[in-house]
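Student: I would like to see how this sequence folds:
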Amino acid sequence: MKHVLAFGASLTEGYHNGGYDFHPYTIRLEQLLKTKGEFMVWNYGISGQTTKDMIQRLPNIFKEKGSNFFSAAIILGGTNDLWERTPEKTIVNLYKLHSIMISNGLISFAVTLPELKFEGDPEFKWLTETRNIVNHQLMSIPSVIPIDLATELPRLTLSKEDERLYWDDNLHFTPAGYDRVAEIIFDVLKENKHIFQ
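Tutor: I've put the predicted structure just below:
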């Protein structure tokens, strides 16, 4: 049995419908991975957390499960940091998170931050710029495999029909959106032969 750690905040936890319901992408991802072998995906998403919060929380997971329990990690975090307008700090924190994963022997995957609806407003140009800085760095972390969710599932260029299908509010996905996130992540994971060994 291979164990995959999904780590992040609300986009990992599957927040939608104002927080009354949750539909994490890990449900669909586990289904897809099981077509390739024996897999279990562990969801450690907590809504509202920043990357600083995530750094503080991650060691407890390895204390609970052991350093050899997981074979791979998927980190989707940093969206809550954007409002602080300090992309450099976010990047440092994400580097730390991936370094912890790698030091524990995991294959680490970095998911880029998706567009927010606010970015369609010229007043939020800074938000796009901040997110793009973070995403650019996420695509080039040494020894980390990038998953470019921002490109694969845009928001502002979608048709109104697709936007309604995939997006729930200004930030979060619908259940169909989270399932699409899973498919995008799986398309990258399935190309990494080491996960399946």
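
Student: for the protein, what's the longest helix?
Tutor: helix 87-103 (DSSP state H).

Student: quick one: average confidence on it?
Tutor: Regarding helix 87-103, the rounded mean pLDDT is 97.

Student: With stretch 51-68 instead?
Tutor: Here the average pLDDT along stretch 51-68 is 95.

Student: Now that stretch: buried residues?
Tutor: Within stretch 51-68, the residues that count as buried by 16 or more other CB atoms under 10 Å are Thr51, Lys52, Asp53, Met54, Ile55, Leu58, Ile61, Phe62. Quick note: C-beta positions are derived from backbone N, CA and C, even for glycine.

Student: just stretch 24-32 next, same as before
Tutor: Neighbour-count burial for stretch 24-32 [16+ other CB under 10 Å]: Pro24, Tyr25, Thr26, Ile27, Arg28, Leu29, Glu30, Leu32.

Student: Please apply the same query to stretch 34-51.
Tutor: For stretch 34-51, by 16+ other CB under 10 Å, it's Phe39, Val41, Trp42, Asn43, Tyr44, Gly45, Ser47, Gln49, Thr50, Thr51.

Student: do stretch 135-154 as well
Tutor: Buried residues in stretch 135-154 (16+ other CB under 10 Å): Asn135, Gln137, Leu138, Ile141, Val144, Ile145, Ile147, Leu149, Ala150, Glu152, Leu153.
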